[in-house]
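[1] what follows is a protein structure lacking sequence information:
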Ligand SMILES: [Zn+2]
């Protein structure tokens, strides 16, 4: 067994496990930190961004670099279509992958980089909500950034000149960065995904079973349990023990694994999600009451549902029920509608509503009542009567693309408005950097419900794995996480071998063959018998059926030479002469042209006589050695 | 040989009520717990005294599985759990758990409030019963206990209908409930993987129907409705809130749209929204097309079908009205009927079964006059049509399902004996497997081959694979492993000799035999070895024969040639004790070859 780590972002993981001659990719996360190096791509042209001064490094004059870099308030940005950092493609040949298992929709966005134009022939498994919501995330990105989406140029030269650029660009590793895939590649890639349900056992080429079990993090989020007859590997990615809208985590299924691979823990360990939600409501309330507007840069699903539920209730309690809530995203309509048909994937409380029957989430009722409006973009006809003060939820949380860019340009100069960051993926100061100077109030209320180090440590103690594997980013938290469990640290681009060793394969023994064997007790509690069996292999499943042959005869212990001589005499093979040798002794049978070399653990018969002498010897040996 | 035992308590050569007992591997499972709609007395419920004449039933049943919300499959469940006293686990899908209690309550009202029956479960009992249900999702592997595992597959038929795969140890059974192999207007087709169960228990309602007769019935229905409204008539369709009602609504809605009809269509007020909401929220259970388009347009938000108001009864002109309840025994549907029945341009379409004693039942039996409690007599001049729309697999579909899951035996239930006979014949001929059709109370016993899990040493398997792969490919060649069967803590393993010695803690004693053959063959010994190898390969075709450094191996027997270039060669043949047969055979062969 071997474990490869292909992502340098522990929250957007990508591992490959080689196990039982299979290559299994675990998650396919797309690291988007690279976006922050780029200038925002506004949905409507921005004169401010266009007017930013060009930057060229001191003492360097390179005409190819012209216009690639711009400066804003002392920071240098790349003026180009933003790029992403997909999983490493040099370590594992993607065409050799057998299976990709996805844990949740935040960890699958690099899928087209792995499955398209790479010769990939394997299968991809994800739960239905993971596929659908992942599609929303990807379609949203594609709308903004897919080739042909915007007019921006693709800058390249700056990547050659990193050494002369100021930080943080100087520390970037942009050679592996890629532009977003085309929409066609995205659709082809998603079409490969096979939908699975929680606790469904997926047969992986007959060699093992993979089962997604609820991880409690978001709709359809799953941890994966890989099981063969003798080994168990648990992959825990993006789990939550908090009570929010998804089904709670299923811990029982993860217990007692030979290897537990743990990743995608919280990115904001210092912030309690409940407190942050409370803070957000307070900040929003204060801003709205003063007549300001509130912008929340968010993804089109996930915590957004909780935000809508909590904020609408809070505003109602604060006498602000008249304030409209807007969700702006190419995927808004689909995401809000879709969340309400996932009765089987939500918490017990939300599920109980379905039995009434009422929608599990209140946002459908908010939309019917006119308090919640959703549209593809700000310019949408559906928003003809857009009015302030209001709360707008819009992407992208990096503030490099989507409606949020436009709204921040609109509202940034006024201290009456507020921008509240809830998504934990990007440091908010860096997200805001290309918009500086700003007068708008900025609040950082990251809501990351995934496990913090203390919760993860508690989980590891309860699950009792034999071995633990962690991305190296968690090395510092190892004492809290691992306690006394042997631990592997995984670094991007490296491979490690867990201690799990396979010794046996599971087969089915047919009743007829079992009935034929007559096992003898060889020591207390252990019976054995020689067995020959025809081996049938069908869909990688082994069956043992009756076959000719008596099985492997086993003799053991040392040979008692005088007893052998006596036994030979009884068989009519007499005149044996015993001679001491180097490692034992030699029995001469001159009349039968035969020598018997007897050592402690072996007997070698050099028999030049007739076949019946050999048979007599075999009987005599059997009489003198314990055997089955 | 371990057995699987099946006893239908209902659905054995009939379609009245499904309730089948399944026993395997020491577990007893009840498949469906249906009510017979045709009886008013104790025959309505399954005869639970068959399971246990007296005393608690819970200890005799490990779990109850309900396939779908139709009352002939779940109608007796509250009776069993609240009145007979079953307290064990009950499984059904989420939509079934949501919808079944509504149908049960409708049914209870008919039985108790209209017909004044006693000894029937109460509303509270229905609620208590449903609380005990564990809802499952499709393909979820559910461990009922350490040995009993169940898994639901999509069955089509009605919203939330499922087939169940049930496994104990190495034995497995698939129970279909009612299913449909062709997608219909709002549901997809049943699907199952190649799970190769020991037994498939299949419904056989339409065992002899081959063509897609459902489409014909639908066309017929639409034609009749259309003709009636065209002539200015009024069409009354009594329905229950859920199930067929939604399917008929979709049918009419799409027809109205396609034909651009303007006649009003109404659905009894209040019910529409609630009932259709179930369908909206469980839209993941509907067919591909509805799921794909639901964001733009939810199929259950009807454009042409408007809520009905009582005052519309006397409106002039054509209209179509869906009204509850479905058996014309009370409420709105009966009120409308009283008003419309005396006019022959009107039409009544009964899309479902009616129990005895209801107005619906009388009319379907041809009553031309119906008398009511207050001596009111209503003349029935309107046209009366009965149409069944339930979606079941036809013979082709059943054969298809058998092909999908490759069962080793088939058992037919939920059908008429004569039609079953025909299908049984067809199955046995086409698939060469046994097919059974027990009557109610009759037990069928099916033998299944024993399969015992065993751990085979990887070293043993690798050694076999090396031997096997060294030979030219031949799919017919048997793969054979020779090892030692080891039984420890009730677990079986097949080990190689070194492993078993380690396991027991003994030292192996290897016995080897070597014999010499003299061969007069001048030249280098390597040449002699090559020559022998060629000769052996000719004689022993298909055997594994290799040569390296002048040493020949034939399977596990070693042959070595020694001697000076110009002298007689010694051919040593060596084998271990266990290869005696092979060793002596090759020795004999070499002896004959050199002469
Ligand atoms: Zn049915």
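    That came through, no problem. Since the structure is predicted, the reported quantities are computational estimates derived from the model, not experimental observations. Numbering: from 1, shown residues only, chains lettered A, B, ... in the order given.

[2] in the stretch 451-595 of chain B, where is pLDDT below threshold?
    Within the stretch 451-595 of chain B, the ranges that satisfy pLDDT under 70 run B:470-471, B:475, B:542.

[3] all helices for it, in order.
    B:458-470, B:497-504, B:525-539, B:580-594 (DSSP state H, counting those that start in this stretch).

[4] turn those into JSON lines, columns for distance to the ion and mean neighbour count.
    Backbone N, C-alpha and C define where each C-beta goes, glycine included. Below are those laid out as JSON lines (distance: least, C-beta to the ion, whole Å; neighbours: other C-beta atoms under 10 Å in any protein chain shown):
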{"stretch": "helix B:458-470", "distance to the ion": "48", "mean neighbour count": "15"}
{"stretch": "helix B:497-504", "distance to the ion": "55", "mean neighbour count": "18"}
{"stretch": "helix B:525-539", "distance to the ion": "66", "mean neighbour count": "16"}
{"stretch": "helix B:580-594", "distance to the ion": "63", "mean neighbour count": "17"}
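
[5] now the ones you listed in TSV, with distance to chain A?
    Shown next, in TSV, are the helices of the stretch 451-595 of chain B (distance: least, C-beta to the nearest C-beta, whole Å):
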stretch	distance to chain A
helix B:458-470	6
helix B:497-504	5
helix B:525-539	19
helix B:580-594	6
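
[6] now these in CSV, with distance to residue B:72?
    Shown next, in CSV, are the helices of the stretch 451-595 of chain B (distance: least, C-beta to C-beta, whole Å):
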stretch, distance to residue B:72
helix B:458-470, 51
helix B:497-504, 57
helix B:525-539, 70
helix B:580-594, 64
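
[7] can you tell me which residues in the stretch 201-350 of chain A are near the ion?
    Taking C-beta under 5 Å from the ion as the criterion, the ion has no neighbours within the stretch 201-350 of chain A.

[8] what residues does the stretch 201-350 of chain A have near chain B?
    Proximity of the stretch 201-350 of chain A to chain B, by C-beta under 8 Å from any C-beta of the partner chain, involves residues A:201, A:211, A:229-230, A:333-334, A:337-338, A:340-344.

[9] tell me the buried residues within the residues you listed.
    A:201, A:211, A:229, A:333-334, A:337-338, A:340-344 (16 or more other C-beta atoms under 10 Å in any protein chain shown).

[10] closest to residue A:579 out of the helices of the stretch 451-595 of chain B?
    Proximity to residue A:579 (C-beta to C-beta) singles out helix B:580-594 among the helices of the stretch 451-595 of chain B, at 26.0 Å.

[11] to the chain's geometric centre, what's the distance from that closest one?
    Centroid separation between helix B:580-594 and its chain, computed with C-alpha atoms, centre = their mean, to the nearest Å, is 57 Å.

[12] which neighbouring elements make contact with that helix?
    With contacts taken as 3 or more C-beta pairs under 8 Å, 6 or more residues apart in numbering or on different chains; DSSP states H and E, helix B:580-594 sits against helix A:611-624, strand B:510-519, helix B:525-539, strand B:557-562, strand B:569-576.

[13] at 6 Å what do you get?
    Packed against helix B:580-594 by the contact rule (3 or more C-beta pairs under 6 Å, 6 or more residues apart in numbering or on different chains; DSSP states H and E) you find strand B:510-519, strand B:557-562.

[14] residues making contact with the last one?
    I take that to be strand B:557-562. The set of residues external to strand B:557-562 that reach it, using C-beta atoms under 6 Å, 6 or more residues apart in numbering or on different chains, is B:525, B:528-529, B:551-552, B:569-575, B:582-583, B:586.

[15] now it: buried residues?
    Neighbour-count burial for strand B:557-562, counted by 16+ other C-beta under 10 Å, picks out B:557-561.

[16] now the first one
    In terms of neighbour count (16+ other C-beta under 10 Å), strand B:510-519 has its buried residues at B:510-517, B:519.

[17] put together TSV for the residues you listed, with distance to residue B:216 on each row.
    Output for the buried residues of strand B:510-519, formatted as TSV (distance: C-beta to C-beta, whole Å):
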residue	distance to residue B:216
B:510	77
B:511	79
B:512	79
B:513	80
B:514	83
B:515	82
B:516	86
B:517	83
B:519	85
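
[18] minimum distance to the ion, which residue of the stretch 401-550 of chain B gives it?
    When distances are taken as C-beta to the ion, the stretch 401-550 of chain B reaches nearest to the ion at residue B:414, 8.7 Å away.

[19] so who does that residue touch?
    Shown in contact with residue B:414 (C-beta under 6 Å, 6+ apart): B:11, B:15, B:18, B:203, B:205.

[20] look up how far chain A lies from the fourth one.
    The reference is to residue B:203. Taking C-beta to the nearest C-beta, to the nearest Å as the measure, residue B:203 falls 24 Å from chain A.

[21] and that residue, what are its bridge partners?
    Beta-bridge partners recorded for residue B:203 (DSSP bridges): residue B:413.

[22] neighbours around it, how many?
    If you count neighbours by other C-beta atoms under 10 Å in any protein chain shown, residue B:203 ends up with 26.

[23] what's the answer for residue B:219, then?
    By other C-beta under 10 Å, the residues close to residue B:219 number 11.

[24] secondary structure element for it?
    Using DSSP states H and E, residue B:219 sits in helix B:213-230.

[25] and that helix, what does it pack onto?
    Using 3+ C-beta pairs under 6 Å, 6+ apart, helix B:213-230 sits against no helix or strand.

[26] brilliant, that's me finished.
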